[in-house]
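1. Model the structure of this input:
(chains A and B)
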Amino acid sequence: MKRIFLVAVLVAPSALADPTPQDVQKLMQRDFHARGQAGMDRVVQDGLQRLCTESRDNPPAGAAKAIEADQMKTIVFPEGSLMGDWKRGESIAQNGRGLQWTDKPGDAAGGSCYNCHQLSPQEASFGTLGPSLQQFGKLRGNGPEIQRYVYGKIYNAKAYNLCSQMPRLGLSGTLSAEQIKDLVALLLDADSPVNQ
Amino acid sequence: MKKVLGFCVVLGGAFCASLPAQDAKKEIQRYRQMVAEGSPAELFEVEGEALWKKPQGPNKVSLEKCDLGGGPGVLKGAYARLPRYFKDADRVMDLETRLLHCAVTLQGRRREEAAARVFGSADRPSEMESLSAYIAAQSRGMKMAPGLSHPKEKEAYAMGRALYFHRTGAWDFSCASCHGEEGKRIRMQDLPVLYKPEHARPVVSTWPAYRVSTSQFITLQWRMNNCYQQMRMPEPDFGSDTTVALILFLTATGKGEPYRGPGTKR
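-> Alright, predicted model coming up:
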């Protein structure tokens, strides 16, 4: 009787313990294989991914601020105007390809913007995971400060909201500086359909 | 001409040519109703039955002695009780992983050969897809009840849940990045929140399924694979503990729902 009790005590904690992000990563490193441009380095979490996983996207404020500041340092702002061509921006926003193992390395990727955001009123097929961006520039103007904010947010959304679900499109190498500038124009240019 | 002939054959042949116009109209109505009532998945079920009974591999035996959990060859209700722990393999397996196991252990096939083409195309479905359709269909009306009592089942369930919320990859996604909040969608596609029973139930009770947009029969192993592709991750191994843990977590979350697949998806 005593022995059974002892065994139960010893076994219970390990059976109940949830796998840590380290445990999950170890399993993924065993169970995944590189394919196309999707290498196994993608299975290795960085500090931000780890913290967001551990906290279920509710990181302690202090730690969040510190990592957000680190993420801000990753953003490379080009010289001069950050406004490109909204027409090119519209097609980048429409394009949902890029970085998948089926995508050809070297082909220009898209921003997958419409997957999650409402932008031009002409496009009725938009996702709702992110906020609607209709009238974005009309409500905020298109001065240098807002240009810098939009460029930075697209380059690395995590610098502004640590556990945001939006990909770090510049830092991850998905979009080029020129492409991000075109998206800035899609959001801010007075002629863009977004602001009509 | 060929199409007309094919249509006549479907309607039942010989008297077709002499049908008066009125009767032909009635027959077209009947045909339309038949198509509406039946699911294209049934074609895969028929193909799957033939494959289940077909001797293959070095041992020249069929899969009919494959034990899907209820004993060798027992198909009735087997799918509804998967994934589950299998003592002979000492691991938790979903349907497709178990079928691959049987192809290796019973038929003597090499694992690499049997798993060389697990995801098919519209023109040529894979063995796994047809077999999944056949086997899943024999759990219709039965409540989904995956294994959750064996320590390895509990371990796999906990791992599946951890995987669901694990953020990684080039775009920092977890399953919950898209399937985490109610009422959200990607483009026009509604997104079920799969850690919630009320969302998981209608999903797990209708997979595997025929996908109308690609004319393909798709399985849960395919679903896991395709999600990780879209998450910009490398590719998960077919039948790996990762995929099985996720499938167990999702099925367990939707447990209790009577199976009514194979279904039809967008």
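
2. Please make it C-alpha for all contacts and neighbour counts, starting now.
-> Fine.

3. ok, and the closest non-adjacent residue to A:Val150?
-> Once flanking residues are discounted, A:Val150 sits nearest to A:Val184: 6.1 Å by Cα to Cα, 6 or more residues apart in numbering or on different chains.

4. Helix, strand, or coil at the one you found?
-> helix (DSSP: H, G, I helix; E, B strand; the rest coil).

5. residues contacting it?
-> A:Val184 is in contact with A:82-84, A:86, A:89, A:147, A:150-151, counting by Cα atoms under 8 Å, 6 or more residues apart in numbering or on different chains.

6. Could you rerun that using 7 Å?
-> By Cα atoms under 7 Å, 6 or more residues apart in numbering or on different chains, the contact list for A:Val184 reads A:82-84, A:147, A:150-151.

7. mind putting those residues in CSV, secondary structure, neighbour count and pLDDT included?
-> Shown next, in CSV, are the contacts of A:Val184 (DSSP: H, G, I helix; E, B strand; the rest coil; neighbours: other Cα atoms under 10 Å in any protein chain shown; pLDDT from 0 to 100):
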residue, secondary structure, neighbour count, pLDDT
A:Leu82, coil, 21, 98
A:Met83, coil, 22, 97
A:Gly84, coil, 20, 98
A:Gln147, helix, 22, 98
A:Val150, helix, 21, 98
A:Tyr151, helix, 26, 98
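
8. roughly how far apart are B:Asp172 and A:Lys73?
-> Distance of B:Asp172 to A:Lys73, given as Cα to Cα, to the nearest Å: 18 Å.

9. got it, and B:Phe249?
-> Distance from B:Phe249 to A:Lys73, counting by Cα to Cα: 39 Å.

10. Give me the more crowded residue out of the two.
-> More crowded of B:Phe249 and A:Lys73, by other Cα atoms under 10 Å in any protein chain shown: B:Phe249, with 29 against 11.

11. The more buried one and B:Phe217, how far apart?
-> Separation of B:Phe249 from B:Phe217 (Cα to Cα) stands at 22 Å.

12. Likewise for B:Thr251?
-> On the measure of Cα to Cα, B:Thr251 and B:Phe217 end up 19 Å apart.

13. and if you look at A:Ala124?
-> A:Ala124 is 29 Å from B:Phe217, by Cα to Cα.

14. When those two are compared, which one has more neighbours?
-> The neighbour count for A:Ala124 versus B:Phe217, taken as other Cα under 10 Å, is higher for B:Phe217 (31 against 12).

15. when you scan the host helix or strand of A:Thr53, is anything in it near chain B?
-> Here A:Thr53 sits within helix A:47-54, counting by DSSP states H and E. Yes - interface with chain B: helix A:47-54 contributes A:49, A:53 (Cα under 7 Å from any Cα of the partner chain).

16. Pull the number of nearby residues for A:Asn161.
-> A:Asn161 has 16 neighbours, counted by other Cα under 10 Å.

17. which ones are touching B:Ala192?
-> For residue B:192 the amino acid is Pro, not Ala. Counting by Cα under 7 Å, 6+ apart, B:Pro192 touches B:179, B:199.

18. what's in contact with stretch B:235-244?
-> Residues contacting stretch B:235-244 (Cα under 7 Å, 6+ apart): A:27-28, A:31-35, B:93-94, B:96-97, B:221, B:224-225, B:228-229.

19. Would you map out the domains in chain A?
-> Per the record's domain assignment (automatic domain parsing), chain A is made up of the domains A:2-57, A:86-195.

20. circling back: can you point out the buried residues in the helix holding A:Thr53?
-> Buried residues in helix A:47-54, defined by neighbour count with 16 or more other Cα atoms under 10 Å in any protein chain shown: A:48-54.

21. Show me what the following helix or strand past it is packed up against.
-> Next helix or strand after helix A:47-54 toward the C-terminus (DSSP H and E): helix A:61-72. Helix A:61-72 is packed against no helix or strand, with contacts defined by 3 or more Cα pairs under 7 Å, 6 or more residues apart in numbering or on different chains; DSSP states H and E.
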